[in-house]
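Q: below are the sequence and a predicted model; questions follow.
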Amino acid sequence: MKKLLLSALVLVPAMAFAAEFTSPGNGTTYTLQSLSEIDTCGVTLESAGVYVMTENVNIANGDSFNLESGVTLKMGDGVQFYADGVVQMNCTKKTTITRNAETDNPKGFYIATETPVDTMFVNNVKFDYAGFRTFFVGKAKITNCEFYNNNGKNNSQGALTLGPSDGEYIVRNCKFVSNTVPAIGVAANYLIGLTIEDCEFEDNNTSNTNKPQVN
């Protein structure tokens, strides 16, 4: 009985480490399509233009990721797309990032780019049940995006969470609707430049009325 218990304790960490893909940092540019072609990656092509992500993905410093226009990415429970490399999400068609199943609570996207980049563009993306968080010093333009039904798993500060200090952000023509957390969040000790233009805010921070829409 003791041997069986010991075996279980040894196997659990091994399984946890296996459930994650990290790019090699050799200058490769990835897309959802190219990630779905890697056997060890948790991204699969479900149907034309629809991808399912069941494991964490890390884009390493030195690599980059471009989100294709018009696709749908369905993320599993607790899953996060993390990037130290350069990310561009400048979509010309509506692109959706959402949960895979009704019981799933994905974390969403966390961009912590180490490589200097002039401006990161996030355009025409709908984040539904999945958050979007940045943690890099640089500029970002977030335009024509929608943030719905955020579950707070990525960060409880906001459906869109920005930081750290010295970043410059433009949030324009975006919608924030029915998020359990505030619409836009920044840590109290961060000093960032934030411009908000022509955005809609409706029924956000449903789990904590003590926080404002822009936190």
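A: Received it, and whenever you're ready, just let me know what you need.
Q: which residue, neighbours along the chain excluded, lies closest to residue 156?
A: Nearest non-adjacent residue to residue 156, counting by Cβ to Cβ, 6 or more residues apart in numbering: residue 181, 5.5 Å away. Heads up, the C-betas are built off the backbone N, CA and C, glycines and all.
Q: please disregard the earlier target; I meant residue 202.
A: residue 177 (4.8 Å).
Q: partners of the one you found in the sheet?
A: Beta bridges link residue 177 to residue 148, residue 202, judged by DSSP bridges.
Q: show me the shaky parts of the chain.
A: The model of the chain has pLDDT under 70 over residues 1-19, 116.
Q: returning to what we had before: the residue nearest to residue 156 contacts residue 212, correct?
A: No - contact criterion Cβ atoms under 8 Å: residue 181 and residue 212 do not qualify, at 11.4 Å.
Q: mutual contacts of those two, please.
A: Listed as contacting both residue 181 and residue 212 by Cβ atoms under 8 Å, 6 or more residues apart in numbering are residue 205.
Q: looking at these two, which is more packed in?
A: In this view residue 181 and residue 212 are compared by other Cβ atoms under 10 Å, and residue 181 has more residues nearby, 27 against 13.
Q: and that one, how close does it get to residue 154?
A: 9 Å (Cβ to Cβ, to the nearest Å).
Q: and what of residue 180?
A: From residue 180 across to residue 154, the span is 12 Å (Cβ to Cβ).
Q: try residue 105
A: In terms of Cβ to Cβ, residue 105 sits 10 Å off from residue 154.
Q: and those two? Which one has more around it.
A: Higher neighbour count among residue 105 and residue 154: residue 154, with 24 against 18, using other Cβ under 10 Å.
Q: can you tell me the closest non-neighbouring residue to the more buried one?
A: residue 131 (3.2 Å).
Q: contacting residues around that neighbour?
A: 107-109, 150-155, 158-161.
Q: what lines up beside the longest strand belonging to the chain in the sheet?
A: For the chain, the longest strand by residue count, based on DSSP state E, is strand 86-99. When sheet partners are counted by DSSP bridges, strand 86-99 sits next to strand 64-66 (parallel), strand 72-75 (parallel), strand 120-128 (parallel).
Q: with just CA atoms, put that strand into CSV.
A: Only the C-alpha atoms of strand 86-99 are listed here, as CSV (Å, rounded to 0.1, in the frame of the first residue of the first chain):
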residue,chain,number,x,y,z
VAL,A,86,6.9,39.5,-29.4
VAL,A,87,3.1,39.2,-29.9
GLN,A,88,0.9,40.8,-32.6
MET,A,89,-2.9,40.4,-32.7
ASN,A,90,-3.7,42.9,-35.4
CYS,A,91,-6.7,41.1,-36.9
THR,A,92,-8.6,42.5,-39.9
LYS,A,93,-11.6,40.1,-39.2
LYS,A,94,-13.4,39.4,-36.0
THR,A,95,-11.4,36.9,-34.0
THR,A,96,-12.6,35.1,-30.9
ILE,A,97,-10.8,33.8,-27.8
THR,A,98,-13.2,31.9,-25.6
ARG,A,99,-13.7,28.9,-23.3
